[in-house]
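Visitor: could you work out the structure for the sequence below:
(2 chains)
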Amino acid sequence: MGVEGTYPLLLALWLVPLACAIALWAFGPQLKTAAGPIGAGLVGVCFAMALFSWPEAVQRARGTIGAHITLFSWGSGFDFGLLWDPLALTWTLIITGVGFLIITYAIGYMEGDGSYPRFFAYMTFFVFAMLTLVLSDNFVGLLVGWGLVGLASFFLIGYYLERPTAVAAARKAFVLNVVGDVGIMFAIFVVVTQAGSTTYAQTFARVGQFSSSALLLVCIGLFIGCAAKSAQVPLHSWLPDAMEGPTPVSALIHAATMVTAGVYLIARCWPLWNASADARELAGAIGGLTALVGAILGCVQWDIKRILAYSTMSQIGYMIMGVGVGAYDAGVLHFLTHAFFKAQLFLGAGLVIHALADEQDVRKMGGLRKQMPFAFWAMLIGVLAICGVPPFSGFFSKDAVIYGALERGHPYLYAIGALTAAITAYYMFRLIFVAFFGPYRGNVDPSDLGIRHPELAGTPAHGAQAPHAGQAHEPHRPGAVMNVPVALLMIPTVAFGWLAIGSNSPWARFFDQLFLGGTSVETVVPPIGEGLSSALVFALVVIGFAIAYLRYGTAPARRASVERLRTESVRMPPVLANAFYFDAAIDALFVRPAQLLGRIFGGIVDPLVLDGAVRELVVIAVAFGNRFRTLQMGLLRGYALTIVIGVVCVIAYYAVVGASR
Amino acid sequence: MNGAHLLAVPLADYIGLSTVLLFIGVAGVVVRRNPLIMLMSIELMWNAANLAFLAFARAWLNNAGHIFAFLVITVAAAEAAIGLAIVVVVFHRAKFVDVDDVTLMKG
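Guide: From the prediction side, this is the model:
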């Protein structure tokens, strides 16, 4: 797979972020505020290197595509190298390109933070880990990258070390991600037994020889990894909590790149998915379910970042559904457009949060359209894109995913996808209306808004460093270093979808190279055409928008927003307030049994059985010693007498034996 | 190859003397409480063994017995040196003259 070569630019692209992370970590105290521009600049350089390496990614020779560097080998079939093909190129451009914009934004967002260089060291380390994940040419390297991005995510979610909720969220994310790592590890074990190799090239070349149960096991193991990393039901609950991290982290890691690693993995393993109909059924169903659950839960959140987190979960559900059913180009296209518009939404939300001194509860916002027109327009364009309003990019990618599911014979996934599109329009416009229209509610007593525990609702300020925590705070405008990245993200958010119009679009031609003429999953003739389907989905989106408008957007509703928000907060159905009890179920099914097991082993097995056995041995040895210690009388003459008696006995024995002979 | 007839004194007498010396030594070790006397008694037992070796060597015309006698003398000398060293060290610490007072090994 790929044309063998040395490709120094590609190697540099991979290692520069690591060097940058180490340098920022080691010399942070000396660099101080220079750390931000250095980190952002080097990631930008990586983006340029990725662009310059584009021709290598699409070069074709001897039936392969892309470039390949062999770094070292553990033996035949167990090489480690970098693979640079259209899929890796796609992800690398997003990681470094969107990453560059977000890290630049963070220069402004993190200003005045106590451990500013540490933040950028973590961010560049994340870029390195993510590049390892997507550039690796084998499953082991993938798993290493997979674990390292989990580690980077752990560091960044728990970035505000002084906040107990952030530390708990980081721990939760790490534990749930390790579940996925274990799934991938078992998949690798099965791959080794079946293919005798861990490289993609040799594994995929031998897919036909896999036994069907082994193939399904590999796919399930890999999908557990996808589900954990990409926040799919039922391993999703870490993602909303991960919003405890700084907003640029949410934008880069928990929206644009890391959480889409599952999409990458399925797209990368397309020969496996093509070969296993069961795997397609599983991934499609879980993706569709996640899209629906995320969208429903997005309707009942009050924290602006949690709304976006649930929408991320829902959109990744779309992507997993797309690549899961075999519509790889549609799923990956949705990853691309989502990376742009979701990063933009998060950065827009970050502008608001930054201006309001870390207020994240939309109930305490309102009327921000006038004070922050730029943030409003940024958010609105992002919302139009995520809702799938033509001609914004989300329209093309989401329709491709939904219609792709229908084309590949999954009408129920089509229905779920279309329904989710309507719900998405509802909750995203709810966010717009509540936060940006109506009166400013920052000075309203929290209890009048139905906020029961003001100190727990939303997220408090950056610990002790928040300058205005707890005081009424007038919105102020952020600087250009934060606005320019958001403005740049608007371009692809609006226009990127145009590259994907039609079956012979630039995007389709670019992506189809990956298959080298191989076919994807067989399709069925759908009952409705693509144009009609798009119109249907768009009609549902309009209905979702209309409901949001009637509930929050009309002039009387805006005037009565305080009462409405209070009623809605107080009368929230418990099943939604508790997010369908997923956390409670995991707690009851796994956490508490594990704790019980721990108590059994810690309280009974260890002290009584293991330690008990050792103690019993000691007691026996002591009793034995006590019984026989009196033989040692301590008298020298006694010992001598014992020897004499012994000698006499020996002589007597031989005398008797000799006499009897 | 029996050379017992060459001996001026019968072999049984040598062995009898050797046995008597041995038991005098044993009695000395078991009965006396002065460590120096005990060491002397041990020397007596060594000499009993040497006497038996030499008597058998002469009786059976086998020089291995002579060689063994030299080895026994060597070992006896080493034993005496170590034994006296122990006695001196313990005497410095405990000022004893009675081995029954040294009961550190009592269980």
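Visitor: setting aside sequence neighbours, what's the nearest residue to residue A:328?
Guide: Using C-beta to C-beta, 6 or more residues apart in numbering or on different chains and skipping residues adjacent in sequence, the residue nearest residue A:328 is residue A:267, 5.0 Å away. (Each C-beta comes from the backbone N, C-alpha and C, glycine too.)
Visitor: show me the contact partners of the strand or helix carrying that neighbour.
Guide: Per DSSP states H and E: residue A:267 is located in helix A:261-268. The set of residues that contact helix A:261-268 without belonging to it, under C-beta atoms under 8 Å, 6 or more residues apart in numbering or on different chains, is A:87, A:91, A:130, A:133-134, A:142, A:146, A:149, A:200, A:222-223, A:225-227, A:229-230, A:232, A:273, A:283, A:316, A:319-320, A:323-324, A:328, A:331-332, A:335.
Visitor: need the per-residue pLDDT for residue 48.
Guide: Just so you know, I chose chain A. Residue A:48 carries a pLDDT score of 95 in this model.
Visitor: ah, I was thinking of chain B
Guide: Confidence score, pLDDT, at residue B:48: 95.
Visitor: residues near it, how many?
Guide: By the other C-beta atoms under 10 Å in any protein chain shown criterion, the neighbourhood of residue B:48 contains 21 residues.
Visitor: hmm, residue B:16 and it touching each other?
Guide: No. The pair residue B:48 / residue B:16 is not scored as a contact, 10.9 Å apart, by C-beta atoms under 8 Å.
Visitor: what sits closest to residue B:34 if chain neighbours are left out?
Guide: Counting by C-beta to C-beta, 6+ apart, the residue nearest residue B:34 is residue B:97, at 6.1 Å.
Visitor: in which helix or strand would I find that neighbour?
Guide: With elements delineated by DSSP H and E, residue B:97 resides in a region that no helix or strand encompasses.
Visitor: A strand includes residue A:111, no?
Guide: No. When DSSP: H, G, I helix; E, B strand; the rest coil is applied, residue A:111 is found to be coil, with no strand at that position.
Visitor: so how far is residue A:181 from it?
Guide: Using C-beta to C-beta, to the nearest Å, one obtains 35 Å as the distance from residue A:111 to residue A:181.
Visitor: the residue most central in space within chain A and chain B, how far apart?
Guide: Relative to the mean C-alpha position of chain A, the nearest C-alpha, by C-alpha atoms, centre = their mean, is the one of residue A:259, at 3.0 Å. Computed with C-beta to the nearest C-beta, to the nearest Å, the distance linking residue A:259 and chain B is 71 Å.
Visitor: from what I can see that residue touches residue A:312, true?
Guide: Yes. Under the criterion of C-beta under 8 Å, residue A:259 is in contact with residue A:312, at a separation of 6.5 Å.
Visitor: list residues touching both of these two?
Guide: Common contacts of residue A:259 and residue A:312, defined by C-beta under 8 Å, 6+ apart, comprise A:231, A:239.
Visitor: just to revisit the earlier point, which phi and psi does the residue nearest to the residue nearest to the centre of chain A when sequence neighbours are not counted have?
Guide: Taking C-beta to C-beta, 6+ apart as the measure, residue A:259 lies nearest to residue A:230, with 5.3 Å between them; neighbours along the chain are not counted. Here is the backbone geometry of residue A:230 (degrees, to the nearest 10): phi -100, psi 20.
Visitor: and residue A:53, by the same measure?
Guide: Backbone geometry at residue A:53, expressed as degrees, to the nearest 10, gives phi -90, psi 0.
Visitor: same check on residue A:64?
Guide: Backbone dihedrals for residue A:64, given as degrees, to the nearest 10, come out at phi -120, psi 170.
Visitor: now residue A:366
Guide: Listed backbone geometry of residue A:366 is phi 100, psi 140, with angles given as degrees, to the nearest 10.
Visitor: could you check how far it is from chain B?
Guide: 89 Å.
Visitor: and that residue, what's its pLDDT?
Guide: At residue A:366 the predicted local distance difference test score is 83.
Visitor: please list the residues of chain A that sit near chain B.
Guide: On the criterion C-beta under 8 Å from any C-beta of the partner chain, chain B has as its neighbours in chain A the residues A:628-637, A:640-641, A:644.
Visitor: what segments of chain B are helices?
Guide: When secondary structure is read from DSSP state H, chain B shows helices at B:11-31, B:35-60, B:64-94.
Visitor: for the first one, name the packing helices and strands.
Guide: On a contact count with 3 or more C-beta pairs under 8 Å, 6 or more residues apart in numbering or on different chains; DSSP states H and E, helix B:11-31 meets helix A:636-660, helix B:35-60.
Visitor: now those helices as a markdown table including distance to residue A:63?
Guide: What follows is those, written out as a markdown table (distance: least, C-beta to C-beta, whole Å):
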| stretch | distance to residue A:63 |
| --- | --- |
| helix A:636-660 | 89 |
| helix B:35-60 | 94 |
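Visitor: need the next SSE after the longest helix seen in chain A, C-terminal direction.
Guide: Assignment by DSSP H gives helix A:164-195 as the longest helix of chain A. Heading C-terminal from helix A:164-195, the first helix or strand you meet, by DSSP H and E, is helix A:200-205.
Visitor: re the thing from before, tell me which of the helices of chain B is the most buried.
Guide: When neighbours are counted by mean count of other C-beta atoms under 10 Å in any protein chain shown, the highest per-stretch mean among the helices of chain B falls to helix B:35-60, a mean of 18.
Visitor: taking helix A:636-660 as reference, get the angle to it.
Guide: Here helix B:35-60 runs at 20 degrees with respect to helix A:636-660, directions being taken by axes from the mean of the first three to the mean of the last three C-alpha atoms, to 10 degrees.
Visitor: distance from helix B:35-60 to the middle of the chain?
Guide: Distance, stretch centre to chain centre, for helix B:35-60: 5 Å (C-alpha atoms, centre = their mean, to the nearest Å).
Visitor: count of residues packed around the residue nearest to residue A:197 when sequence neighbours are not counted?
Guide: The spatially closest residue to residue A:197, leaving aside those adjacent along the chain, is residue A:77, at 3.4 Å (C-beta to C-beta, 6+ apart). Each residue near residue A:77 was counted by other C-beta under 10 Å, and the total is 16.
Visitor: again, but for residue A:614
Guide: Counted with other C-beta under 10 Å, the neighbours of residue A:614 add up to 10.
Visitor: quick one: pLDDT of it?
Guide: The per-residue pLDDT reported for residue A:614 equals 91.
Visitor: output the helices of chain B as CSV; include the columns distance to residue A:522.
Guide: Compiled in CSV, those are given as follows (distance: least, C-beta to C-beta, whole Å):
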stretch, distance to residue A:522
helix B:11-31, 103
helix B:35-60, 102
helix B:64-94, 95
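Visitor: and residue A:299, which of these is closest to it?
Guide: Closest approach to residue A:299 among the helices of chain B (C-beta to C-beta): helix B:64-94, 90.3 Å.
Visitor: quick one on the thing from earlier: tell me the contacts of the residue nearest to the centre of chain A?
Guide: By C-beta under 8 Å, 6+ apart, the contact set of residue A:259 is A:229, A:230, A:231, A:239, A:253, A:312, A:316.
Visitor: flag the least confident of those.
Guide: Across the contacts of residue A:259, no position has a lower pLDDT than residue A:253, which has 88.
Visitor: OK, contacts around it?
Guide: For residue A:253, the contact set (C-beta under 8 Å, 6+ apart) comprises A:126, A:149, A:152, A:153, A:156, A:242, A:245, A:259.
Visitor: my read: residue A:258 touches residue A:134, true?
Guide: No. Residue A:258 is not in contact with residue A:134 according to C-beta under 8 Å; the separation is 10.8 Å.
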